[in-house]
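Have a look; sequence and predicted model below, questions after that.
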Amino acid sequence: MTDIQLNMDGEPGWEPFDAPALVGASLRFVSGDRTGNRFRMRYFRNASGELVARVWFGPETEGPPGHAHGGSIAAVLDEVLGLAAWAAGYPIVVGNLNIHFRHLLPLQTVVQVDSEVVAAAGRKISVRGRIVLGDRIFAEADCLCITLPEEQRRQLG
Ligand SMILES: CCCCCCCCCCCCCC(=O)SCCNC(=O)CCNC(=O)[C@H](O)C(C)(C)COP(=O)(O)OP(=O)(O)OC[C@H]1O[C@@H](n2cnc3c(N)ncnc32)[C@H](O)[C@@H]1OP(=O)(O)O
């Protein structure tokens, strides 16, 4: 296991990213509580303009003893990769999320979620992401996002 420690302040050259300013205040499930014992999370754009998150998995995300629940990892990837598509200009919801869990993710550790919008074809936007700490990959995901028709978008708010 790597001895790298990340902090929540990002890296030089990263810009803080204001998710509620883009999509509204509905994302409370994962990133809405910055002080609780579940997820603490901050978003940035890296120097290439891609969405990056720093996430602390707190004790209330526990699954295997001392480690994050797979569903908590999936929730983080769902939000970050969906938001990455929004940040790239696509008003979407997630249609399919395929996750490989590579290593157990220790609780109370700050990890990084990288994202990349890899393709856009019609309404289908493909986003790839991974949760890492140094060279350790905890999870990798492929996410298919589908743009919402204007009418449905209006109904959502
Ligand atoms: C203003 C709004 C505010 C909202 C703020 C939100 C912030 C969010 C921030 C993000 C963070 C939160 C993120 C979240 O948590 S988002 C919440 C979790 N996601 C959902 O609840 C989504 C529920 N599903 C749906 O709403 C519909 O099924 C969607 C919209 C996805 C498609 O139903 P729709 O009837 O519209 O589309 P279509 O059936 O004509 O298909 C169109 C094309 O897409 C292809 N396809 C479709 N589904 C799948 C699939 N599963 N796998 C593979 N392919 C699929 C399909 O084959 C077709 O391709 P083609 O035949 O044309 O080649």
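That came through, no problem.

I'd like to know which residues of this structure are adjacent to the ligand.
23-24, 26, 78-79, 82-83, 86, 93-96, 122-124, 144, 146, 153, 156-157 (CB under 6 Å from any ligand atom). Any C-beta I mention is one placed from the backbone N, CA and C, and that applies to glycine too.

Just the ones in helices from those residues, please.
Judged by DSSP state H, those include Val23, Asp78, Glu79, Gly82, Leu83, Trp86, Arg153, Leu156 as members of helices.

Quick check, the residue in the protein closest to the ligand?
The nearest approach of the chain to the ligand comes at Gly82, 2.7 Å away (CB to the nearest ligand atom).

out of the residues of the chain next to the ligand, which are buried?
By neighbour count, with 16 or more other CB atoms under 10 Å, those hold Val23, Asp78, Glu79, Gly82, Leu83, Trp86, Val94, Leu144, Ile146 as buried.

Looking at the residue nearest to the last one when sequence neighbours are not counted now. What's its pLDDT?
It stands for Ile146. Sequence neighbours aside, Gly95 is the residue nearest to Ile146 in space, at 4.4 Å (criterion: CB to CB, 6 or more residues apart in numbering). pLDDT, Gly95: 98.

would you list every one of the helices in the protein?
Counting by DSSP H, the helices of the chain are 19-23, 28-31, 70-87, 150-156.

Identify the residue nearest Pro64 in space, chain neighbours excluded?
The shortest distance from Pro64 to any non-neighbouring residue, by CB to CB, 6+ apart, is to Leu104 (6.0 Å).

Same check on Val132?
Counting by CB to CB, 6+ apart, the residue nearest Val132 is Gln112, at 5.4 Å.

give the contact list for that neighbour.
Leu6, Val52, Ala53, Arg54, Val55, Ile131, Val132, Leu133 (CB atoms under 8 Å, 6 or more residues apart in numbering).

Next: Arg38.
Taking CB under 8 Å, 6+ apart as the test, what Arg38 contacts is Gly58, Glu60, Thr61, Ser72.

and those residues as JSON lines, adding pLDDT?
Putting these into JSON lines (pLDDT from 0 to 100) gives the following:
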{"residue": "Gly58", "pLDDT": "97"}
{"residue": "Glu60", "pLDDT": "97"}
{"residue": "Thr61", "pLDDT": "98"}
{"residue": "Ser72", "pLDDT": "98"}
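
From those, keep the buried residues only.
Buried, going by 16+ other CB under 10 Å: Gly58, Thr61, Ser72, out of the contacts of Arg38.
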